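K.L.:
Prediction below, plus the sequence it came from.
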Amino acid sequence: MRVTPAARRRGKRAIAACTLLGALAVLSGCFLFAPSADDAPPPRTARCILSRASVPAAAVIAAYWLLALRALAARSRSRLADVAVTVGCFDLTHKGHELLFRRLRALAARQVVLVHDDASYARLKGGAPWWPEARRMAAVRSALPGAIVVAVRSEDPSAALEQQVRGAMARGRSVVYARGNDMWDFPGRDVLVRCGVPVLMLPYTAGVSSTELKLASATAYSHDI
């Protein structure tokens, strides 16, 4: 997988933080776990900050921080970009959406999700969504805590997509776009090509589309009445 310059810089910063926090952990362990003056025998020479009892405790603390931050640095280096973007309706979120959100988290530290509002949804799908705009956006925020969730007012998301992509690139962040491979020539693809944003088409999760869930629910309801 290609490592972006920004991801490489994050990895270097995390490694530097490992070294700094490891040193701080050693010093804090020395002061916290050093025996008190009442318990310790009088030193033969000048008072020593590092005691035999403090070193093992400090080593444990330092090892914990080093392992945690090394794992963080490795995760940063493995990410494809700084920002992962996608567009969708997200009506009746299902397993396919969950897999997409999981992939977005793996691709980048920041996620931007563009959600069609009720009017553009109706023009795209030919009917109103089961979940209104506010609930669909709340479901995305719940599945992707910290993500930027933006409402799209047009059935063509090109303008909103370009605004988010160029805004991220203007701040020096690399961008990747991800979506299911059920529609290769999707609206807004020309924007991504023009901006030089890589497009990742994810395997479509069969049998769990929102349309199929609605049809199954409507069929079950008609059989009950």
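P.N.:
Sure, I can see it.

K.L.:
could you pull out the helices for this structure?
P.N.:
With helices called from DSSP state H, the chain shows them at 5-33, 54-78, 95-107, 118-125, 133-143, 158-170, 189-195, 210-224.

K.L.:
Any stretches of this protein with poor pLDDT?
P.N.:
Judged by pLDDT under 70, the chain has its weakly predicted residues at 1-79, 205-225.

K.L.:
Please parse it into its domains.
P.N.:
Split into domains by automatic domain parsing, the chain comes to 5-78, 83-221.

K.L.:
Could I get the contacting residues of Ala128?
P.N.:
Each residue near Ala128 by C-beta atoms under 8 Å, 6 or more residues apart in numbering is listed here: 118, 121-122. The way it works is simple: take the backbone N, C-alpha and C, and place the C-beta from them, glycine included.

K.L.:
please redo it, this time with the cut-off set to 10 Å
P.N.:
In this structure, Ala128 makes contact with 91, 118-119, 121-122, judged by C-beta atoms under 10 Å, 6 or more residues apart in numbering.

K.L.:
same question, Pro129
P.N.:
For Pro129, the residues meeting the contact criterion (C-beta under 10 Å, 6+ apart) are 89-92, 116-118, 121-122, 135-136, 210, 214.

K.L.:
any chance of those residues in JSON lines, plus neighbour count and distance to Arg102?
P.N.:
Formatted as JSON lines, these follow (neighbours: other C-beta atoms under 10 Å; distance: C-beta to C-beta, whole Å):
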{"residue": "Cys89", "neighbour count": "20", "distance to Arg102": "19"}
{"residue": "Phe90", "neighbour count": "25", "distance to Arg102": "14"}
{"residue": "Asp91", "neighbour count": "26", "distance to Arg102": "19"}
{"residue": "Leu92", "neighbour count": "19", "distance to Arg102": "18"}
{"residue": "His116", "neighbour count": "26", "distance to Arg102": "22"}
{"residue": "Asp117", "neighbour count": "18", "distance to Arg102": "25"}
{"residue": "Asp118", "neighbour count": "17", "distance to Arg102": "27"}
{"residue": "Tyr121", "neighbour count": "23", "distance to Arg102": "24"}
{"residue": "Ala122", "neighbour count": "14", "distance to Arg102": "29"}
{"residue": "Arg135", "neighbour count": "14", "distance to Arg102": "21"}
{"residue": "Arg136", "neighbour count": "25", "distance to Arg102": "18"}
{"residue": "Ser210", "neighbour count": "20", "distance to Arg102": "18"}
{"residue": "Lys214", "neighbour count": "16", "distance to Arg102": "24"}
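
K.L.:
Please tell me I have it right and Arg103 contacts Tyr177.
P.N.:
No. Arg103 is beyond contact range of Tyr177, at 11.7 Å (criterion: C-beta atoms under 10 Å).

K.L.:
between the two, what contacts are shared?
P.N.:
For the pair Arg103 and Tyr177, residues contacting each of them under the criterion C-beta under 10 Å, 6+ apart are 84, 86, 200.

K.L.:
Closest one of the residues you listed to Glu155?
P.N.:
Out of those, the one with the shortest distance to Glu155 is Thr86. That distance is 16.4 Å, counting by C-beta to C-beta.
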